[in-house]
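Undergrad: My questions are about this predicted structure, shown below with the sequence.
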Amino acid sequence: MTELLEVQDLRVRFRTAGLVQGLLKGLDDPFIDAVMKVSFSLAAGETFGLVGESGSGKTTLGRAIIGLVQAQEGNIRFEGKELVGLKDSEYRDIRRNIAMMFQDPIASLSPRKKVRSQIAEPFKIHNIKDKDPDKEARRLLKLVGLHEGFLEAYPHQLSGGQARRVGVARALSLDPKVIIADEPTAGLDVSVQGEILNLMNRLQRELGLSYLIITHNLPVVRHVSDRLAIMYLGRFVEQGTTTEIFEKPAHPYTLGLLAAVPEPDPDKRRDKLELEGEIPSLMNRPKGCEFHTRCPFAQEKCLNEAPQYKEVAPGHFASCHFPFPDPADAKAVGRHAMPETGNVAADHVSGRISRAGETPNING
């Protein structure tokens, strides 16, 4: 398949203190790394899923690709053209080919404008005169399954599902090749989620779209994505085909996220892997493996040595000293087996955030 989008060693940093404040506080590096050395590619007609807890950097990565936040290092190439370092005016043509569906479908729409104006707005921004904006707005609404009567509606008059369809229509207005969908099913009823996903799949088949789907909904990403990456503290900790990751996860964090998916059988819930402790601060990253403060498999090596992000199986990458852990070994190998001086949980976490059967916060 032809690679439309390529991201290599991308780094996005945010300043946490001004120059004077940083000097007064003695900060050597008054920045946090929201995205660290991330690499992946997206082929034509492919769906790539991005999963992780809140604050893992998923949305920041998507915004960096479309130019809404600035990347400090690395490369973003779209159809071979380098995007890092482009001015906002130079990004305009890129945004005709890469569109974004924002997380909150209602908040992403202007409360003062009717649906007609919001769908037609991209034609004005890009000075497209060879198309009739009003006619295109009708066509796009029909394409996403809404009656043209919604053209006269304001955002507050729309349901969550209807607002999401308007967002899809607006994203499609300039015939993009790639759509970055940030939580496309968030806040929607299960039945409406299915309708939106079916709509996106249909549009992908008909229009040849490529999707980068940012989500915390693992059952959704399992059924719609071809490949998948798991993010933790701004880094990819695992990447591979969706089937491979779900059937044979290589990283303990992935195991924990899969265990957090609701299970109707309460007896099975008690046997699942638990994620313990709080997510570390980006301003004070743990030494060694950054996941060792929450990992039930952590050993002495994990505390002192950062693992390499490497291929652990054909097309399957992970950053773990001991990949493909067995959940049954968690208590024997992990914190319960560590000597008192090296007790990962006791030394590095403030307490349990999940008990057997509970779901950690993965609403990213």
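TA: Thanks, I have the structure now.

Undergrad: Need the residues that contact the longest helix seen in the chain.
TA: When the chain is scanned for its longest helix (criterion: DSSP state H), the result is helix 190-207. Contact with helix 190-207 is made by 45, 47, 143-145, 159-161, 164-165, 168, 172, 175, 181, 184-185, 188, 209-211, 217, 220, 223-224, as judged by CB atoms under 8 Å, 6 or more residues apart in numbering. Using the backbone N, CA and C atoms, a C-beta is placed for each residue, glycine as well.

Undergrad: Tell me where the stretch 201-350 of the chain has helices.
TA: In the stretch 201-350 of the chain, the helices defined using DSSP state H, counting those that start in this stretch lie at 218-224, 242-247, 252-259, 266-270, 300-304, 330-333, 344-348.

Undergrad: what ranges of the chain fall below the confidence cut-off?
TA: 1, 266-272, 330-364 (pLDDT under 70).

Undergrad: Please repeat the previous calculation with a cut-off of 50.
TA: 332-364 (pLDDT under 50).

Undergrad: how is this protein carved up into domains?
TA: Following automatic domain parsing, one finds the domains of the chain at 44-61+86-229, 248-348.

Undergrad: any chance of those in JSON lines, with mean neighbour count and distance to residue 8 too?
TA: Listed next are these as JSON lines, based on neighbours: other CB atoms under 10 Å; distance: least, CB to CB, whole Å:
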{"stretch": "domain 44-61+86-229", "mean neighbour count": "18", "distance to residue 8": "13"}
{"stretch": "domain 248-348", "mean neighbour count": "17", "distance to residue 8": "13"}
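
Undergrad: For my notes, please list those domains in CSV and give distance to residue 34 for each entry.
TA: Output for the domains of the chain, formatted as CSV (distance: least, CB to CB, whole Å):
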stretch, distance to residue 34
domain 44-61+86-229, 5
domain 248-348, 7
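
Undergrad: To residue 30, which of the ones you listed lies closest?
TA: For residue 30, the closest of the domains of the chain is domain 248-348, at 9.6 Å, according to CB to CB.

Undergrad: so how far is that closest one from its chain's centroid?
TA: Distance of domain 248-348 from its chain centroid, counting by CA atoms, centre = their mean, to the nearest Å, is 20 Å.

Undergrad: cool, and stretch 78-86?
TA: The chain centre lies 21 Å from the centre of stretch 78-86; the measure is CA atoms, centre = their mean.

Undergrad: start to end distance for stretch 144-162?
TA: 9 Å (CA to CA, to the nearest Å).

Undergrad: Against residue 68, how distant is residue 76?
TA: 12 Å (CB to CB, to the nearest Å).

Undergrad: Neighbour count: those two, which is higher?
TA: residue 76 (23 against 15; other CB atoms under 10 Å).

Undergrad: Residue 165 falls within a helix, correct?
TA: Yes: under DSSP: H, G, I helix; E, B strand; the rest coil, residue 165 falls within a helix.

Undergrad: so what's residue 252 up against?
TA: 273, 291, 295-297, 320, 325.

Undergrad: Disregarding flanking residues, what is the spatial nearest neighbour of residue 317?
TA: residue 239 (4.6 Å; CB to CB, 6 or more residues apart in numbering).

Undergrad: Give the bridge partners for the one you found, please.
TA: For residue 239, the beta-bridge partners are residue 229, residue 317 (DSSP bridges).

Undergrad: CA atoms only for the helix or strand containing residue 140, dumped as PDB, please.
TA: Per DSSP states H and E: residue 140 is located in helix 133-143. C-alpha atoms of helix 133-143 as PDB (Å, rounded to 0.1, in the frame of the first residue of the first chain):
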ATOM      1  CA  PRO A 133     -21.400  26.000  -1.200                       C
ATOM      2  CA  ASP A 134     -25.200  25.700  -0.700                       C
ATOM      3  CA  LYS A 135     -25.400  22.800  -3.100                       C
ATOM      4  CA  GLU A 136     -22.400  21.200  -1.500                       C
ATOM      5  CA  ALA A 137     -23.900  21.500   1.900                       C
ATOM      6  CA  ARG A 138     -27.000  19.700   0.800                       C
ATOM      7  CA  ARG A 139     -25.000  17.000  -0.900                       C
ATOM      8  CA  LEU A 140     -22.800  16.400   2.200                       C
ATOM      9  CA  LEU A 141     -25.700  16.300   4.600                       C
ATOM     10  CA  LYS A 142     -27.300  13.600   2.400                       C
ATOM     11  CA  LEU A 143     -24.000  11.800   2.200                       C
END
